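Visitor: Curious how this folds, go ahead:
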Amino acid sequence: MVARARALAADIFREDARLQEHAVRTARHASALAQRIPSSSRADVTAAAWLHDIGYAPRVRRTGFHPLDGALFLIKEQWPERVVRLVAHHSLASLEAPFYGVGHHLNVIEPVPGIDTDILTAADLAGGSGEPVPTVHERIERMRLTDAEADLIPPDVREERYAGLISTFQRVQSLI
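Guide: Got it, this is the predicted structure:
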C-alpha cells in the first residue's frame, strides 16, 4: 500500500516540485514517527502522508478544499477507508471546512481517533518544502500570513487551529 501511495503521489505531483518535495518529507517523517510509536499503524499513516495533499492537484480538485478533495478521489479509487479518513481530516481540517462550505460533506467521513492522526499532523508540519527546511514555527507563521491574506477563515478559528497544530506536534514529540 505504501509503494502504491508513493507512486500515485509521484504521478499526481509530477508537475509540482514543491508538493512533491512536501509529500516526500511528510512521508519520511510519518514513517519514522510511526516506527518509534508502537501503537501506530505505520502503513496507513505513511500511505496517508504520501497522499495527504493530493487534493491540491487540478485533476483531483472538486470542491476547492484539498483534504476533502483528496479523500473523495481516494474513495473513487477504492483506497482503504482508514487512509481516506486520515487524508480527509489531516491537520485539523474540520476547523476550516465550514468556511469553505464543505463542513457537512467532511462530517460524513469519520475522523480517525488517536495517534495516527497526530502522527500525520506532526509529519505534515515537519515536512515543509524549500531549503532550508522550515521549522514548525516557521510553517505556522507562513500559514498565518497566507490565511490572513485569504481572509476566508475568522482569525479566532485560525488561531485555534494553529494552537491545535502546535499542541499536536508537541504531543507527538513527547512520545518519541
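
Visitor: Check what pLDDT the closest residue to residue 35 other than its chain neighbours gets.
Guide: Leaving aside its chain neighbours, residue 35 sits nearest to residue 42 (6.1 Å; criterion: CB to CB, 6 or more residues apart in numbering). Any C-beta I mention is one placed from the backbone N, CA and C, and that applies to glycine too. For residue 42, the pLDDT comes out at 93.

Visitor: any idea how far residue 11 is from residue 42?
Guide: Distance, residue 42 to residue 11, using CB to CB, to the nearest Å: 23 Å.

Visitor: go on, residue 128?
Guide: Noted for residue 128: a distance of 22 Å to residue 11, by CB to CB.

Visitor: Looking at the two, which one has more neighbours?
Guide: Comparing residue 128 with residue 11 by neighbour count (other CB atoms under 10 Å), the higher total belongs to residue 128, at 19 against 11.

Visitor: quick one: the helices in this protein?
Guide: 2-12, 17-36, 42-51, 66-76, 81-88, 93-96, 103-106, 115-126, 136-150, 155-175 (DSSP state H).

Visitor: give me every residue that touches residue 36.
Guide: By CB atoms under 8 Å, 6 or more residues apart in numbering, residue 36 lies in contact with 175-176.

Visitor: For residue 173, see how far away it is.
Guide: Distance, residue 36 to residue 173, by CB to CB: 11 Å.

Visitor: swap in residue 12?
Guide: For residue 12, the distance to residue 173 equals 30 Å [CB to CB].

Visitor: neighbour-wise, which of the two wins?
Guide: residue 12 (24 against 12).

Visitor: shouldn't that one be in contact with residue 61?
Guide: No: using CB atoms under 8 Å as the test, residue 12 is too far from residue 61 to be in contact (10.9 Å).

Visitor: sorry, back to before: out of the helices of the chain, deepest packed?
Guide: Of all those, helix 42-51 carries the top mean neighbour count, a mean of 27, counting by mean count of other CB atoms under 10 Å.

Visitor: Just the CA coordinates for that one, please, in CSV.
Guide: C-alpha atoms of helix 42-51 as CSV (Å, rounded to 0.1, in the frame of the first residue of the first chain):
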residue,chain,number,x,y,z
ARG,A,42,2.8,2.5,10.1
ALA,A,43,1.4,1.5,6.7
ASP,A,44,-1.8,3.5,7.0
VAL,A,45,-0.2,6.7,8.3
THR,A,46,2.7,6.5,5.8
ALA,A,47,0.3,6.0,2.9
ALA,A,48,-1.8,8.9,4.1
ALA,A,49,1.3,11.0,4.4
TRP,A,50,2.2,10.4,0.8
LEU,A,51,-1.4,11.3,-0.3
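
Visitor: Thanks a lot, see you next time.
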